[in-house]
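> what's the 3D shape of this:
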Amino acid sequence: VVSTQSTGKHFDKDRSGRLDHNEFKACLRALGFDLPVPQEDEPDTVFEAILDCVDFDRDGFVRLEEYMQFMISRTTENVASTDELTEAFRSLTEGGDKPYITASELYAAMPPDQAKYCIDRMEKYPDVPGALDYTNFTKIIFQSNLNSSAASVD
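Numbers count the residues shown, from 1 in each chain. Alright, predicted model coming up:
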């Protein structure tokens, strides 16, 4: 598995924390995205559709955080429901039955950049020191995916 964040940082040539659209396109191609090369004077509709999901403000740049969210949403788009993703997180916990997950469990099961992304966005689980709430996180991820899908349909 290619480390998503490392790949993004590799293409961030000026170390600005963001990718211009050409850097972003090169990064996607390096990750195996099949992006057609449009004919001269033709719109790049496939890449434009991706930008609609990633560069919301169309400022010409994709921040590394936006890139990570896009890549994680792509990773989870084949997951059928929040319940399925919640069960996937639950299976990563010690014993496979805890309603929360720890940072060490995430780091043990995921590439470091993806674990950090999750940890930075998961709320603390109440009354258990060091525990993170993966259930609420999965709801947020699915809501984000639904919003992205709706935006790309419009």
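
> okay, CA-based contacts and neighbour counts for the rest of this
OK.

> in terms of pLDDT, where does the residue most central in space within the chain sit?
The structure's the chain has its C-alpha centroid closest to Ile72; by Cα atoms, centre = their mean the separation is 2.3 Å. Ile72 is assigned a pLDDT of 71 by the prediction.

> just list the residues touching it, thanks.
By Cα atoms under 8 Å, 6 or more residues apart in numbering, the contact set of Ile72 is Gln114.

> let's have the chain start at 17 instead
Sure, I'll start counting at 17 from here, so that last one is Ile88.

> for this protein, what spans make up the helices?
Listed in chain order, the helices of the chain (DSSP state H) span residues 20-27, 37-46, 61-70, 80-92, 98-108, 119-125, 128-137, 150-169.

> so which of those gets nearest Asp143?
helix 150-169 (14.8 Å; Cα to Cα).

> returning to what we had before: any chance of the helices of the chain in TSV, with distance to Pro54 too?
Formatted as TSV, those follow (distance: least, Cα to Cα, whole Å):
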stretch	distance to Pro54
helix 20-27	22
helix 37-46	13
helix 61-70	8
helix 80-92	23
helix 98-108	36
helix 119-125	39
helix 128-137	32
helix 150-169	20
